[in-house]
Structures are given as structure tokens and as C-alpha cells.
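S.K.: coordinates for the following, if possible.
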Amino acid sequence: MRGRAITDGLVELLIEIIHHIGARAERKVERELLEDLKRVTGKQTLLFELAEVALAHPEGIVREVVFPVVGEQTLRDLVREWKATGPTYRTTLRTVIRNSYSGHYRQVVPKLVETLTFRSNNEVHQPVISALELVKRYADTRLRFFPVEENIPLSVVRGLWREAVVETDTRGRSRVNRITYEICVLEALREQLRCKEIWVVGANRYRNPDEDLPADFETQRTGYYQALNLPLEADRFVVGLQEKMRKALHTFDAGLARNPGVRINEKAGGWISVTPLTAQPEPINLAALKAEIAEAWPMTSLLDMLKETDLRLNFTDVLRSPTAYETLDRAILRPRLLLCLHGIGTNAGLQRMNAAQQGATYKDLVYVRRRYITADQLRQAIATVTNGTLIARNPAIWGEGTTACASDSKHFGAWDQNLTTQWHVRYGGRGIMIYWHVERKSLCIHSQLKSPSSSEVAAMIEGVIRHCTEMSIDRQYVDSHGQSEVAFAFCHLLGFDLLPRLKAIHIQRLYRPESGRPEAYEHLQPILTRPIDWDLIRRQYDQMVKYATALRLGTAETEAILRRFTRSNVQHPTYKALAELGKAIKTIFLCRYLHEETLRREIHEGLNVIEHWNGANDFVFFARRGELASNRTEDHELSMLSLHLLQNCMVYINTLMMQQVLSRPHWAERLTTTDLRALTPLIWEHVNPYGRFELNMETRLDLSPNGP
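M.R.: Numbers count the residues shown, from 1 in each chain. Got it, this is the predicted structure:
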């Protein structure tokens, strides 16, 4: 497994380097050309004036005839604009990329390519494999051109390099420039590695995609279909989906005239306008509730909340040594574990924990952290706290068990000397992303570490099917970045609804459930488009279920499976079928979303919960300005999971505090429906994460029914 992880790291490094070669060159060339670029308006008028004056004075001198009409500077600006947007730009970009590669990147890229062994199961991409072998053979030579007798696959040369790879030698023969060809091959390799059409021997995420699928699918097909609650026959699946589409479109079409929040007009070929939701009434009693909690438990230490949760739920029992024996007594080990978790989860570090109070030193905490705290065990501890919170909830206050969850990512700054850390274009800084899954009452059920460029769709699906709690999810709220047509398809196959908040709602289109009825749904005509290709879905139904089963069973990482279904692999037949299925599911969702204001409000409220969770991150993970001060991905993951555990412990204790206060007589029947809707245990006005970190295992928070 360690060897596979190293191979994956080398592949990621190769992909990043190839990307940087082109991206940095583009930025450099654009910066230089834009400094000289001045766009010239009214080019048609200028052309007419030039033609008119040239015809009127065919024998005249340019400076005397043309310049007075058009102007010398205007003509210079025209030339600069043409150079910046025409062939000159491509030529300059090619030159910069080639010089950068040959003078710098070529010191390491051939060594990476030589170390890795590439394969492809698709005949279409065999030319890239052949080209790689050719590049490897001549990597250590100083030849300018490949030998004439070599069979060079030129089909890998695309786009920018088409006219630059083949040159003419001194004897007038057409020859392939070796360095330029290497760049073309590397760009083709990166594109196919990312969608796994080319795989790497000995890798894990980039392994043979056939290994991602369950090997016993053919023999266990019936059981796998039943596990997903899908019919064995493709026709039954299609007929049922067609009926859902017809019903959703008919309901939306029939109710559009009475729908004051949605309008459809002919603007821009079909334009959907949705009126913003009106603000909900303010809860009138929650401020008093928070004040009473702050009075009863003023400035409660976050460390005490962590300790009290452990004394009630014993989550540190799952943090054990990987060996068969432990020399430390649990009574001594427990406070040290709590200090480590608090130091990591707040980003304050172990040195700032008062270990001497527990008869320990900083080195003792380092030993405990290294020996007893692992990512897998932390996830078990989080599951213990999460399940304990679900059990402790009073249904009269929090309602019955929820099956809805929201997910979103949060950017954390991090040292940049590792493959996970990247510069984030949106947030403008180097760092990583943590992807949270939070249920409706502010309890986080799953967290993941991811790079800013990795798929949020994969992270969303991973959290729904891999969380280790007793909660069952049937609805998932996401922002626009967490959805795609492929995501709609996989979520449907996996048995839960994807409910995104679409920012570009005005340009969305609805697909028809069948052909031959162009007049159907008369009020929706401006936004209706072509029918769904049901035959394609029928042909690929078995393959789609096979990939959905792979996601459910975890035979490969979710992101590794979804890599195959990206826009760079549009010719993959299963990708086409998933896109068609996703269009059908998305059409059903859009009809519901536009027809039901309650659904729009539900999605908005769910995403507000996770935004509130992200806000609490800054309060708990306060030290070092919230920046992860490590270059090890393992340390990043432990920090993320410790933060997750700390916040869930705060939610657990707050839940008990709120229930105790609300059990007092003067709160009987006081909370209104609006209060209950806005009630959340994720509050921290009464919590103190700072100061001296004192841990006294003999004291307890009084959370008894007759407490303070």
C-alpha cells in the first residue's frame, strides 16, 4: 500500500508539472502582450475609411493620404491587437513553453516518465503509449530530430502544436522535432491520465480502471441490483423514469400560471426568473435561551466540554495502541489523549497544553499522539460522539430523526510543500479544502481532506456513502459546485436525492421525456429542449449499475471512479449514458424546485446550517490564524478530524445544556414554531477556547436535570 501511495504521488507530481509548464507560460505571454495591447473599436468604419481614401488617391503617399484620415497611432494599435490575438500569440506561447521545458522542467520530467509504467485498455489511446516509449528511448540523446526510420505517432499532436512539430531539415526533408514532440506527448498523457484512459502499473488511484469494478458482478448481479433497489430490466427502469418526468413536467406546467415566484420568458432563447425568498420571521425567544445558558455555564472551557463528552460517551476507548499490549494505564492515558486532541483540534499545538498538571511532559504528549491517535481511530471516536448526540436528543425539541444532510467545503491555509496544498483561485491563497457533511441540526457526520482542484462531486458522494454514523441519508443539499449531470445520475442510482442550490438557474433547460409531442407543456416551451436518448440509457444500464455498485462497495476511491466521467472523456459510452440519465433526473428536480417554494426554502435552510458550521471552524481552530503548520498530509488529516471531534463535542454538550434549560417550568410551551425552526446547538457565546488549558479530571459539568 505504501508503494502504491508513492506511485500515486509521482503521478500527481507529473500531472502538476505538465500543467504548470503550460499555465505559467500562458500567464507570462498574456502579461507581456496585454501591456502593449490596446483594443481598437470601430474596425469596420476604419476599414471603410481606408478603402475610400485608397481608391480616391491610388498614387498618393501613405503618410500624406492615409494617416490624416485614420491616424498612425490607430494603425499601430491595430497591429498590436492582431499580434496579441492572432498567430503571433500562438507562436510566442509555443516558444515560451518550449524554452521553459527544455531549460528547466526537462531535468525531472523524463526521469518521472521513466520511473512509471503506463498502460491503456483502449485502442484509441495506444498511440500515446507508443509515443511515450519513443520518448523514453531517445530521452538521453541530444538529437534535434527523431531518426527518419522511426514510426512516429503524430495523432497525439493537437491544438497549439499542430504546425510546429514538423520542421524541414537542411536536406529539405520533413522531420519531427524531438523536444516539441515530447511536450505534445506529455500534454496528451496528462489529459488521458486524468480520466484514467491511461493507467499506471503499481498505482492505486491511477490503477487499471477495470480493477475498480467489483470482480463478481456477473455472478452476483441480482444481489447488487437489489442492494441498490433497482429493477433488473432496463425497460422497467426507463419506463418508471419516463413516468416521473411526465408527472413532474405536467405539474410544473399546470401550476406555472399560479406560481408567483417563477416566470419564464423568451429572453435569450428562454429565461427562468425566480423571485428571491422572503425572509423568515425572527425567533423571539432564542436570545433569552442563549443568555440563560451563558448564565448557568459562564465561559465554559472547550477542553472541559471535550472531557465531559468523553466521561459520558468514552470515545477515547477507541484510541488504542496498534500493538497487542499497552503499558500505560487508561486513567493516566485518558487526560493525555484529551490534551493531545485539544491541542491538535484548536491548532494551538501540544507544547501549549499544560501536561505537567497531569504528571506528563511535552515529550509524553508527542509519544501519545504518535502511538495512539490515528485517522481511522479518530473517525471511530467521531462516530461514537455523533451517535451519542443522536440518541441524547429530545424529539419534542429537535424533532424526529432527520435524513437530510448538507455538504460544502472550507478553505484552510497550509504550508505549500506537499501535493495536497494548492493555490486556490477563488480564495486567493495556498491551502487545502476540508469538505464537511452536516445534518439539519448542526451535527457533522463526515469530513474529508481534499485539494482545491479535486472533485467536490466525488467528495459529496463519498461522504454520503462512507459516513460511519447510524444516520440514513435520503436528501443531500449542495451548492452549484457540488452538482453535475453525472452527479445527478449517480445519486439516483445510489438511492438518494441530490438537491442543489443552482446559481445559474436562469439558463437551465428542461428535457422532454419523449419525442413526437412538440406541443406538450405549452407554458414551458421557451426552456424545453430535445428528448432524452432512452436507448442509450438502456444499452448502458448494466454498466452504470456496475459503477454505482463500485461506489457503494468502495472497491476503489470515489474520485478515482468518477475520474472516468469528465468532459475530457466525452466519447466514453457509459459517460454519455450517465449524462443522459443525469439530464432526466435534473429535469425532474428542476420542475420540483421551480414549482415548490417549500423545497427552495428547505435547500436554502440546509445550506445555511453548513455555512454556520464553517463559521464555527474559525472559532475553534483559532491558533496560528487557522493555518495548518505542517507539510505532511497525515498531519493535515489529524488536524481536520480533531477539529471535527471538538466541534461535535461542543454540539453534544450544548444539546444537553439546552435540553436542561428547556426542561425548566418557565420554558414550558414558550418556544414557538419559529423558535424551534431556528434552534441550533452550535452556539459558542458561553464557550472559552483561550487562556490556560487546565484539565481537572475530578470536576464535571453539572448537566443533571436539577443543575445550575
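S.K.: from Glu400, how far off is Leu682?
M.R.: As judged by Cβ to Cβ, to the nearest Å, Leu682 and Glu400 stand 20 Å apart. From N, CA and C alone the C-beta is placed, and that goes for glycine too.
S.K.: and what of Arg207?
M.R.: From Arg207 to Glu400 the distance is 43 Å (Cβ to Cβ).
S.K.: how about Asp533?
M.R.: Counting by Cβ to Cβ, the gap from Asp533 to Glu400 is 41 Å.
S.K.: compare these two (neighbour count), which wins?
M.R.: Asp533 (18 against 7; other Cβ atoms under 10 Å).
S.K.: not counting sequence-adjacent ones, nearest residue to the more buried one?
M.R.: Spatial nearest neighbour of Asp533, excluding adjacent residues (Cβ to Cβ, 6 or more residues apart in numbering): Glu580 at 5.0 Å.
S.K.: buried ones in the helix or strand harbouring Ala23?
M.R.: Taking DSSP states H and E as the criterion, Ala23 maps to helix 2-36. In terms of neighbour count (16 or more other Cβ atoms under 10 Å), helix 2-36 has its buried residues at 7-8, 10-12, 14-18, 21-22, 25, 29, 33.
S.K.: over to stretch 148-164?
M.R.: Here stretch 148-164 shows 152-153, 156-157, 160-161, 164 as buried, counting by 16+ other Cβ under 10 Å.
S.K.: make a markdown table out of those and add distance to Gly691.
M.R.: Converted to a markdown table, the buried residues of stretch 148-164 look like this (distance: Cβ to Cβ, whole Å):
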| residue | distance to Gly691 |
| --- | --- |
| Ile152 | 69 |
| Pro153 | 67 |
| Val156 | 62 |
| Val157 | 64 |
| Leu160 | 59 |
| Trp161 | 61 |
| Ala164 | 65 |
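S.K.: restricted to strands, list those residues.
M.R.: The members of the buried residues of stretch 148-164 all map outside strands under DSSP state E.
S.K.: between those, which is nearest Asn654?
M.R.: Leu160 (56.9 Å; Cβ to Cβ).
S.K.: surely the closest one and Thr92 touch.
M.R.: No: if you go by Cβ atoms under 8 Å, Leu160 and Thr92 don't touch, sitting 11.2 Å apart.
S.K.: so what's the residue count around the closest residue to Ser704 other than its chain neighbours?
M.R.: Leaving aside its sequence neighbours, Ser704 sits nearest to Gln660 (Cβ to Cβ, 6+ apart; 7.6 Å). Look at Gln660: counted by other Cβ under 10 Å, it has 19 neighbours.
S.K.: which elements pack onto the helix or strand hosting Gln660?
M.R.: In this structure, Gln660 sits in helix 633-662 according to DSSP H and E. Applying 3 or more Cβ pairs under 8 Å, 6 or more residues apart in numbering; DSSP states H and E, one finds that helix 633-662 makes contact with helix 286-296, helix 302-313, helix 330-345, helix 375-392, helix 395-398, strand 429-439, strand 444-450, helix 597-620.
S.K.: please repeat the previous calculation with a cut-off of 6 Å.
M.R.: If contacts are counted by 3 or more Cβ pairs under 6 Å, 6 or more residues apart in numbering; DSSP states H and E, helix 633-662 sits against helix 286-296, helix 302-313, helix 330-345, helix 375-392, strand 444-450, helix 597-620.
S.K.: output the ones you listed as TSV; include the columns distance to Val128 and mean neighbour count.
M.R.: Listed next are the helices and strands packed on helix 633-662 as TSV, based on distance: least, Cβ to Cβ, whole Å; neighbours: other Cβ atoms under 10 Å:
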stretch	distance to Val128	mean neighbour count
helix 286-296	61	15
helix 302-313	53	23
helix 330-345	44	22
helix 375-392	36	19
strand 444-450	28	24
helix 597-620	41	17
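S.K.: can I get these in JSON lines with mean pLDDT?
M.R.: Converted to JSON lines, the helices and strands packed on helix 633-662 look like this (pLDDT from 0 to 100):
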{"stretch": "helix 286-296", "mean pLDDT": "92"}
{"stretch": "helix 302-313", "mean pLDDT": "94"}
{"stretch": "helix 330-345", "mean pLDDT": "93"}
{"stretch": "helix 375-392", "mean pLDDT": "94"}
{"stretch": "strand 444-450", "mean pLDDT": "91"}
{"stretch": "helix 597-620", "mean pLDDT": "93"}
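S.K.: need the pLDDT of the most centrally placed residue in the chain.
M.R.: The geometric centre of the chain, computed from its C-alpha atoms, lies nearest to Glu456 (Cα atoms, centre = their mean), at 1.7 Å. Here the pLDDT value assigned to Glu456 is 87.
S.K.: isn't it right next to His481, touching?
M.R.: Yes: checked against Cβ atoms under 6 Å, the pair Glu456 and His481 is within contact range at 5.0 Å.
S.K.: burial of Gly60, as a residue count?
M.R.: 12.
S.K.: does it sit in a helix, a strand or a coil?
M.R.: Applying DSSP: H, G, I helix; E, B strand; the rest coil to Gly60 yields a three-state assignment of coil.
S.K.: His104 versus that one, what's the distance?
M.R.: 52 Å.
S.K.: may I ask which helix or strand of this structure has the lowest mean pLDDT?
M.R.: Among the helices and strands of the chain, helix 72-85 carries the lowest confidence by mean pLDDT, DSSP states H and E, at a mean of 63.
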